[in-house]
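J.: no sequence on this one, just coordinates:
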């Protein structure tokens with residue numbers, strides 16, 4: 001059995017909330033820039049997923065309108 005199986009599951013959005021509460025004054029310039037890069041990549045990933053979901057929704061609406 002994997003030790004991760006014993007850990008409680010995180011609720012959706014919990015990681016984002018923890019990230020928002022983190023004290024940024026403890027981070028250096030490079031760390032802050034890396035964080036921005038990582039967050040921008042995550043935003044792009046989310047936008048891609050939203051685009052896919054909108055496309056699926058539009059296709060489903062078009063199918064059921066007929």
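T.: Done, it's in. Small disclaimer: the values here were computed from a predicted structure and weren't measured.
J.: hey, which helix is longest across the chain?
T.: Criterion DSSP state H: the longest helix present in the chain is helix 29-65.
J.: what's the model's confidence in it, averaged?
T.: Taken as a whole, helix 29-65 carries a mean pLDDT of 90.
J.: for that helix, which positions count as buried?
T.: Using 16 or more other CB atoms under 10 Å as the test for burial, helix 29-65 gives no buried residues. For glycine as for every other residue, the C-beta is placed from the backbone atoms N, C-alpha and C.
J.: Now find how far off-centre it is within its chain.
T.: Distance of helix 29-65 from the chain centroid (CA atoms, centre = their mean, to the nearest Å) equals 9 Å.
J.: and that helix, what does it pack onto?
T.: If you count contacts as 3 or more CB pairs under 8 Å, 6 or more residues apart in numbering; DSSP states H and E, helix 29-65 packs onto no helix or strand.
J.: ok, now with 10 Å
T.: Judged by 3 or more CB pairs under 10 Å, 6 or more residues apart in numbering; DSSP states H and E, the packing partners of helix 29-65 are helix 14-21.
J.: Residue 12: what secondary structure?
T.: When classified by DSSP: H, G, I helix; E, B strand; the rest coil, residue 12 comes out as coil.
J.: ok, it - how many residues close by?
T.: Each residue near residue 12 was counted by other CB atoms under 10 Å, and the total is 7.
J.: try residue 23
T.: Counted with other CB under 10 Å, the neighbours of residue 23 add up to 6.
J.: how close does it sit to residue 31?
T.: Separation of residue 23 from residue 31 (CB to CB, to the nearest Å): 12 Å.
J.: what do you get for residue 59?
T.: From residue 59 over to residue 31 the distance is 42 Å, taken as CB to CB.
J.: Check residue 38 too.
T.: Residue 38 is 10 Å from residue 31, where distance means CB to CB.
J.: Contacts made by stretch 3-16 with the rest, please.
T.: 17, 18, 42 (CB atoms under 10 Å, 6 or more residues apart in numbering).
J.: Is it possible to get CSV of these that adds distance to residue 54?
T.: Below are these laid out as CSV (distance: CB to CB, whole Å):
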residue, distance to residue 54
17, 26
18, 29
42, 19
